[in-house]
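1. Quick one: sequence plus predicted model below, questions after.
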Amino acid sequence: MIIGIDIGGTTTKIVGIEQGNIRASCSVKASDPVTSAAGAIGKFLSISGTTMQDIERLAMTGVGATFIDGSVLGIDATYVEEFKAIGFGGLHLAGVDNALVVSVGTGTALVHAHNREATHIGGSGVGGGTILGLGKALAGITDFESLSRAASEGDVKAVDLTIGDIASKAVGSLPIDATASNFGRMADRPRPEDYAAGIVNMVFQTVGMLAILAARSTGDSNIVIVGNTMQIPMAAKVLECLYPLYGVRFIVPELAQYATALGAALSLT
């Protein structure tokens, strides 16, 4: 078995593969990188029914992996550059040979991936960290799960200004319900749920447009969205709304949050 570990800013993800197929996956909260990696391996062994002797190779990636010197729990570890892991994992989960893979974690990274090559195109500091930070500041919500639930119950129209609010008809290809300004409507006091919905809407509209423009520059017809933040149900819905405007379909694969850990493991095959 080959193990891939993605040590992120808030969560550590782990995936085990055998003959290219996913055996099991899980995650733990990230604190100290070494502790998180060791804890992830322990949890993985418990849920998968395997032992340390079953692990043939170990690959590490993510921001926290740079703090680990060579081994975890006595197992030699290979460091895999994060953008390469994002590309490999995204392609595998989506079942495509080439794509723009967009990883929405604490921030957002855009990677052009083709077979065994991956190139970092760019990115943004807007991502999951933005959602958590603004969620705490505006809605008083401090954890990811609660914010995700609140966003599903909120109304973006309570905080966002639409084309219909400032024009009598559609403007070009933009319908009257398209967003004219994120958080442009703040006359009334929104509920915490409305703030949460507005935050998620703003972040994923921004991510979606970045991805569309990047895909046009790279010539990619597939845009694969991965990362821990894709566990927010509203996220995929926001991206879906961009299809009628720009004719672009986003692929959000199952196990999207484990793409980078999976890509690290695949890089050793």
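-> Everything's here; your move. Residues are numbered from 1 along each chain as shown.

2. quick one: Phe183 and Asp194 touch, right?
-> No - assessed by Cβ atoms under 8 Å, Phe183 is found out of contact with Asp194, at 10.5 Å. Bear in mind the C-beta positions are built from the backbone N, C-alpha and C, glycine included.

3. Which neighbours do these two have in common?
-> By the contact definition Cβ atoms under 8 Å, 6 or more residues apart in numbering, Phe183 and Asp194 are jointly contacted by Val159.

4. who does the strand or helix carrying Gly87 touch, helix- and strand-wise?
-> Using DSSP states H and E, Gly87 maps to helix 82-94. For helix 82-94, the packing partners by 3 or more Cβ pairs under 8 Å, 6 or more residues apart in numbering; DSSP states H and E come out as strand 2-7, strand 57-61, strand 98-104, strand 108-114, strand 117-124, strand 223-226, helix 259-266.

5. Might you list the low-confidence residue ranges for the stretch 51-200 of the chain?
-> 187 (pLDDT under 70).

6. one more time with 90
-> When residues are selected by pLDDT under 90, those of the stretch 51-200 of the chain lie in 63-64, 66-76, 115-116, 165, 168-175, 185-189.

7. still on that earlier bit, compare neighbour counts for Phe183 and Asp194 and give me the winner.
-> Using other Cβ atoms under 10 Å as the criterion, Phe183 and Asp194 rank with Asp194 on top: 23 against 18.

8. Make CSV out of the helices and strands packed on helix 82-94 and add mean neighbour count.
-> Formatted as CSV, those follow (neighbours: other Cβ atoms under 10 Å):
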stretch, mean neighbour count
strand 2-7, 30
strand 57-61, 24
strand 98-104, 27
strand 108-114, 24
strand 117-124, 16
strand 223-226, 27
helix 259-266, 31
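
9. do you know which of those lies nearest Phe204?
-> strand 98-104 (7.9 Å; Cβ to Cβ).

10. For that closest one, list the C-alpha coordinates in CSV.
-> Output in CSV follows, covering the C-alpha atoms of strand 98-104 (Å, rounded to 0.1, in the frame of the first residue of the first chain):
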residue,chain,number,x,y,z
ASN,A,98,-6.2,16.9,-18.9
ALA,A,99,-7.9,19.7,-17.0
LEU,A,100,-7.5,22.9,-15.1
VAL,A,101,-7.5,21.6,-11.5
VAL,A,102,-8.6,24.2,-9.0
SER,A,103,-7.9,23.4,-5.3
VAL,A,104,-9.9,25.5,-2.9
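
11. Next, the angle helix 259-266 makes with it.
-> Here strand 98-104 runs at an angle of 130 degrees relative to helix 259-266 (axes from the mean of the first three to the mean of the last three Cα atoms, to 10 degrees).
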